[in-house]
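A.B. asks: how does the following fold in three dimensions:
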Amino acid sequence: MEIKKHTFKFRTGDTDEKGGCTFIGGSWVDKSTDDLFKNKKVVLFSLPGAFTPTCSGQQLPTYDSMFESFKDSSIDDVYCISVNDAFVMNAWARDLQIKNVKMIPDGCGTFTRNIGMLVNKPVQGFGLRSWRYSAVINNGVIEKMFVEPGFNQFSDDDDPYTVSSPEHMLKYLQQTDPRHDQPLQNIDIRPS
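C.D. replies: Residues are numbered from 1 along each chain as shown. Predicted coordinates for the structure are as follows:
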């Protein structure tokens, strides 16, 4: 599936001198899907929200710490996307000291809706957010997508975190990497 054209609203040059999530002095920067995905092979992962337990305690920091392993598996970049605005995404990356993963704000949820992953999270009072997933996107085309089970619009789930993990994604990439001397069919890419 080819991803639809979209423009994301990033922030650059803000200072965090006031602390917390207060950023001032910067400017808006538009980046298109072409800017992010054209002529690149990237891992994109999405999650329900910045500063939330599983997202902050496991998914984002582990993708960041495993970045070099993804590079070694022919990945150009690793992106984290969430239905949050640029200020929140920047504050979250700063708070967790993220060095390698690039943060993509999908404040209106348009990109997330276009790939069919926008869900309502009423129990948590979140409103519309992303379902948790990860994907390999090769030159703007989704090559492989791992969607967590139980997709629903009612918060009728325990926020599953299995197939979208960085460990699961890396197993998949290693299995399909043509640079390996021998086939890796025996790698189990089912959730652990």
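A.B. asks: quick one: low-confidence parts of the chain?
C.D. replies: 17-22, 179-192 (pLDDT under 70).
A.B. asks: and the strands in it?
C.D. replies: 7-12, 27-32, 41-46, 77-82, 102-105, 118-121, 127-130, 133-138, 141-147 (DSSP state E).
A.B. asks: skipping adjacent residues, who's closest to residue 109 in space?
C.D. replies: residue 83 (4.4 Å; Cβ to Cβ, 6 or more residues apart in numbering). For glycine as for every other residue, the C-beta is placed from the backbone atoms N, C-alpha and C.
A.B. asks: so how many other residues sit close to that neighbour?
C.D. replies: A count of nearby residues for residue 83, using other Cβ atoms under 10 Å, gives 27.
A.B. asks: wait, it touches residue 117, no?
C.D. replies: No. Residue 83 lies out of contact with residue 117 (Cβ atoms under 8 Å); the separation is 9.4 Å.
A.B. asks: who touches both of the two?
C.D. replies: residue 130 (Cβ atoms under 8 Å, 6 or more residues apart in numbering).
A.B. asks: residue contacts, the residue lying closest to residue 152 once chain neighbours are set aside?
C.D. replies: In this structure, residue 152 finds its nearest non-sequential neighbour in residue 119, 7.0 Å apart by Cβ to Cβ, 6+ apart. Neighbouring residues of residue 119 by Cβ under 8 Å, 6+ apart: 128-131, 151-153.
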